[in-house]
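Novice: Dropping a prediction and its sequence here:
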Amino acid sequence: MSRYPTQRAVSAGGLVVQDRADGRWGLLIARRSAMGKLQWTLPKGGIEPGEAVEDAAVREVREETGIHAAIIEGLGVVDYWFLWHPDGVRYHKYVHYYVMRPLHGHLHERDDEAEHVAWLPLGQALERMAHLNERKLVASVRGRALQASAVAPPARATPSDADDPADAAETERPAGDETEAAGDAAEGAQRQQAWRRGAAG
């Protein structure tokens, strides 16, 4: 039996794609890991209280990339475990990803959470991406047909534990990807502080 209490955490994000004459491109962000290594990932983040998962995914993409996008379809769910030492809680985290089309916006209009944001051909994106779980999701859309335009998803889920403190300094090895927990660390401390400020208010 674990000596830490276990809680569930939920986040959301997306892969923004654009079909060009030279193939399909995707939008990635890069931030530093806890060890200072630059890691390329999909944009994602915590869900605000009362916010639908799909709305959170669109918002996080907009905040972290500067691009306003709309959901085409679901991409998949990644789950892993981590230990948040300040609270002594072991989290089972679920990250819901969606495929999106860009509507408008500019990369310079993003917040400062990501060190870099870039459009890349999906082949190059797969070579750069740090996390195996995310690479598998991106690879699944590399050569298949997608909706020509964005459509609203048929269902909108609002998790009961949406006030997620959990994009945190993740120190326990996640299921399916040995690097993802550590890769969220730089993002996590900032999100944890923001969540606590909101809870205090």
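Specialist: Cool, got the structure.
Novice: Run through the chain and note the low-pLDDT ranges.
Specialist: Along the chain, segments meeting pLDDT under 70 span 1-2, 148-201.
Novice: now do 90
Specialist: Applying pLDDT under 90 to the chain flags residues 1-4, 7, 33-36, 80-88, 108-114, 143-201.
Novice: Parallel or antiparallel, which strands does the host helix or strand of Tyr91 pair with?
Specialist: Assigned by DSSP states H and E, Tyr91 belongs to strand 89-105. Strand 89-105 has the following strand partners under DSSP bridges: strand 6-20 (parallel), strand 67-84 (antiparallel).
Novice: nearest to Met129, of those?
Specialist: The closest of the strands paired with strand 89-105 to Met129 is strand 6-20. By C-beta to C-beta, the value is 10.5 Å. (Glycine included, C-beta is placed from N, CA and C.)
Novice: Now do the next helix or strand after that closest one against strand 6-20, angle only.
Specialist: Sequence-wise, the next helix or strand downstream of strand 6-20 (DSSP H and E) is strand 23-32. Angle of strand 23-32 versus strand 6-20, following axes from the mean of the first three to the mean of the last three C-alpha atoms, to 10 degrees, is 140 degrees.
Novice: Output the contacting helices and strands for the helix or strand just after strand 23-32.
Specialist: Using DSSP H and E, the helix or strand that follows strand 23-32 in sequence is strand 38-41. On a contact count with 3 or more C-beta pairs under 8 Å, 6 or more residues apart in numbering; DSSP states H and E, strand 38-41 meets strand 23-32.
Novice: Now whichever strand or helix holds Ala118: buried residues?
Specialist: For Ala118, the host element (DSSP H and E) is strand 116-121. Neighbour counts over strand 116-121 (16 or more other C-beta atoms under 10 Å) mark 117-120 as buried.
Novice: beta partners for the spatially most central residue of the chain?
Specialist: Nearest to the mean C-alpha position of the chain, by C-alpha atoms, centre = their mean, lies Lys44 at 2.1 Å. Beta bridges link Lys44 to Gly13 when assigned by DSSP bridges.
Novice: For Gly66, see how far away it is.
Specialist: 15 Å (C-beta to C-beta, to the nearest Å).
Novice: just Arg8 next, same as before
Specialist: For Arg8, the distance to Gly66 equals 31 Å [C-beta to C-beta].
Novice: Who has more neighbours out of the two?
Specialist: Gly66 (18 against 14; other C-beta atoms under 10 Å).
Novice: Tell me which residues touch the more buried one, please.
Specialist: 105-110, 117 (C-beta atoms under 8 Å, 6 or more residues apart in numbering).
Novice: Buried subset of those residues as a PyMOL selection?
Specialist: Filtering the contacts of Gly66 down to the buried ones (16+ other C-beta under 10 Å) takes a single PyMOL command:
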select buried, resi 105+110+117
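Novice: and of the contacts of Gly66, the nearest to Met129?
Specialist: Checking those one by one against Met129 (C-beta to C-beta), the nearest turns out to be Val117, at 13.9 Å.
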